[in-house]
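Undergrad: coords below, sequence missing:
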């Protein structure tokens, strides 16, 4: 099976953020994050815990849109109250979106403009503060641009490295912004001051294109690798098992 789309590259990049997580509850929000998590479970992280989005842990890995199919295999009950036992112990990895994200991983999904009188109301804080302070968090950005990758977010929903450090050791105990995956590349915070670094660029994307579309100075290594392309087996699983209707592909323009 040859050839791949940008969306399939992004799915693989998202899958890779779960590598090494083992028996961890994953909460991927959105179609491509869900595709990436399920791809990881079916390939290199079989112990990942997936839910049906309500209160059940799934033993199987259903296709996108198939969570409520009567044929699903339930392996455990996880009511809402049980989520916090995992959340507070660092045993969850969530992938959220980001309307804005800055160089230290502070994320905004609340509003654009001043919090007291916003220009645009968004989702609100949701679970972002608790997520970022209690367990690994990653972000998926389908449209990489200067309005998203900003010097300073208008409102802090998800807590970045600079703010977590200012809050002290208790707040930093489980704090980890693992990765930011966009339609242009993959980013991490593996730098001395935990500022955002370009970890890889997707195929057919240049470092210059990433820099041009980022509103702050990225840390750029001397050699920037290319994001891993999907293998033939990855493509088979994505196209035939997990997303035969191409639901996730609609999130990314070529």
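TA: Sure, I can see it. Because the structure is a prediction, the values reported are computed rather than measured.
Undergrad: And the strands in this protein, which stretches?
TA: According to DSSP state E, the chain carries its strands in the segments 25-28, 50-51, 56-58, 74-77, 92-97, 100-101, 107-108, 111-112, 120-121, 136-141, 176-182, 185-188, 197-201.
Undergrad: Redo those strands as CSV? Include distance to residue 153 and mean neighbour count.
TA: Placement of C-beta: from N, CA and C, glycine included. Formatted as CSV, those follow (distance: least, C-beta to C-beta, whole Å; neighbours: other C-beta atoms under 10 Å):
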stretch, distance to residue 153, mean neighbour count
strand 25-28, 22, 24
strand 50-51, 29, 20
strand 56-58, 34, 18
strand 74-77, 37, 11
strand 92-97, 13, 23
strand 100-101, 4, 26
strand 107-108, 4, 26
strand 111-112, 10, 18
strand 120-121, 14, 10
strand 136-141, 12, 24
strand 176-182, 13, 24
strand 185-188, 15, 24
strand 197-201, 18, 19
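Undergrad: Quick one: the ones you listed as CSV, columns for mean pLDDT and distance to residue 44 too.
TA: Formatted as CSV, the entries for the strands of the chain read as follows, by pLDDT from 0 to 100; distance: least, C-beta to C-beta, whole Å:
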stretch, mean pLDDT, distance to residue 44
strand 25-28, 96, 14
strand 50-51, 92, 15
strand 56-58, 91, 18
strand 74-77, 90, 20
strand 92-97, 96, 15
strand 100-101, 98, 27
strand 107-108, 98, 27
strand 111-112, 96, 38
strand 120-121, 94, 40
strand 136-141, 98, 17
strand 176-182, 98, 16
strand 185-188, 98, 17
strand 197-201, 98, 18
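Undergrad: Please render those strands as TSV that adds distance to residue 85 to the earlier fields.
TA: Compiled in TSV, the strands of the chain are given as follows (distance: least, C-beta to C-beta, whole Å):
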stretch	distance to residue 85
strand 25-28	10
strand 50-51	14
strand 56-58	13
strand 74-77	13
strand 92-97	10
strand 100-101	29
strand 107-108	24
strand 111-112	31
strand 120-121	33
strand 136-141	16
strand 176-182	19
strand 185-188	28
strand 197-201	32
